[in-house]
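> Got a predicted structure here, sequence first:
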Amino acid sequence: MPELPEVESIRRKLVPMVAGRRIRDVSAVARNYAFLSDPGIIRKKLSGGTVEAIERRGKYLLLRLKQRGALLIHLGMTGQIFSHAYEPDKHVHMTLVFAGLRHPVYFRDPRKFGKLLWLDPGEEYTEPRLTKLGHDALSFSAEYLGKACRNRSVAIKSLLLNQSVLAGAGNIYADEALFTARIRPTRRARTLNSKETGALTKALRNVLERAVKLGGSSINDYIHPDGSEGYFQIEHKVYGREGAPCLTCATAIKRSVIGQRSAHYCPRCQR
DNA sequence: CCGACATCCTGGGTGC
DNA sequence: TGCACCCAGGATGTCG
């Protein structure tokens, strides 16, 4: 589900809810595909701990507990974090009860592509899931992207989705940024000139900043922890618009598959 | 090292 | 209503 703007929106809603609060109780279901750490370990490490901060690393959230370490959370395709806005069901894997917070906080994920991993102090510096991440997709330079494109024959769309290059970009925002930069998603990365990598850098930053401002794109399973919604889906120019007229030239938007992911683009505007 | 591909899992939508 | 099939915001491991 969530890309950088969605994860950041969730983080921003979560901070005022739980920062500084003590975790009174933790319950978790039996270990399943989403648990990289044993649920019992997570329960033990979290119980009684106090939330020091919630950070975002690409699409990961880091729930930092004072003195103890941190819970690394990835929401995969369908992961959600919410409180009383929704009823918990069989897809809830973990429930956190906070001191001074009337309602519990739930981690729910029907497809279980999300991840929960406990990190002892210091492990965040050695955990490959974190150390392999590239520059944050909200703050990278055109030079960095240009270097990353050098000698790479992979499609630029796939390169943008590679988290070890840019941490946080995902399918929606990669398509939207490529449209704005007028670059076709199938172009091999090494064929982009510096003007194009510059335009793409600017386009990705702009689209992500705008999406964060609007609270992300509320489609399918995406929800905010407090039940509110994001509005960036209203501004999607290509994603999910196959067959619809390009907003610039009215040509029908095309959908194709690149690197096993759907890609949406205007065959006329994007070269 | 690079890139293509299968795989993990569940639910919603569509067409027969 | 049932069923087969396709699709989905992600990431990893394997293989050539």
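Perfect, thanks for sending it.

> burial count for the closest residue to residue A:253 other than its chain neighbours?
Excluding its sequence neighbours, the residue lying closest to residue A:253 (Cβ to Cβ, 6 or more residues apart in numbering) is residue A:241, at 4.7 Å. All C-beta atoms are positioned from the backbone trio N, CA, C, and that covers glycine. By the measure other Cβ atoms under 10 Å, the count of residues near residue A:241 is 19.

> can you tell me the helix or strand for residue A:241?
Taking DSSP states H and E as the definition, residue A:241 sits outside all helices and strands.

> What is the burial count for residue A:91?
Quick note: residue A:91 (other Cβ under 10 Å) scores 17 neighbours.

> Might you report the residue contacts of it?
Residue A:91 makes contact with A:108, A:109, A:110, according to Cβ atoms under 8 Å, 6 or more residues apart in numbering.

> before we move on, what about residue A:142?
Per Cβ under 8 Å, 6+ apart, neighbours of residue A:142: A:194, A:197, A:198, A:201, A:202.

> returning to that earlier point: gap between the residue nearest to residue A:253 and residue A:158?
21 Å (Cβ to Cβ, to the nearest Å).

> so what's whichever residue of the stretch 51-200 of chain A sits closest to DNA strand C up against?
Per Cβ to the nearest atom of the strand, residue A:170 is where the stretch 51-200 of chain A lies closest to DNA strand C, at 2.4 Å. The neighbours of residue A:170, taking Cβ under 8 Å, 6+ apart as the test, are A:2, A:3, A:4, A:59, A:161.

> for the first one, what are its contacts?
With contacts defined as Cβ under 8 Å, 6+ apart, residue A:2 is in contact with A:10, A:59, A:75, A:79, A:170, A:216, A:222.

> Sticking with residue A:94, tell me its helix or strand.
strand A:92-98.

> wait, I meant residue A:7
Here residue A:7 is assigned to helix A:4-18, by DSSP H and E.

> Just give me how far that helix sits from the chain centre.
Here the centre of helix A:4-18 is set off from its chain's centre by 11 Å, with Cα atoms, centre = their mean, to the nearest Å.

> From the contact counts, what lies against that helix?
Contact here means 3 or more Cβ pairs under 8 Å, 6 or more residues apart in numbering; DSSP states H and E; on that basis helix A:4-18 packs against strand A:51-57, strand A:60-65, strand A:92-98, strand A:105-108, helix A:194-213.
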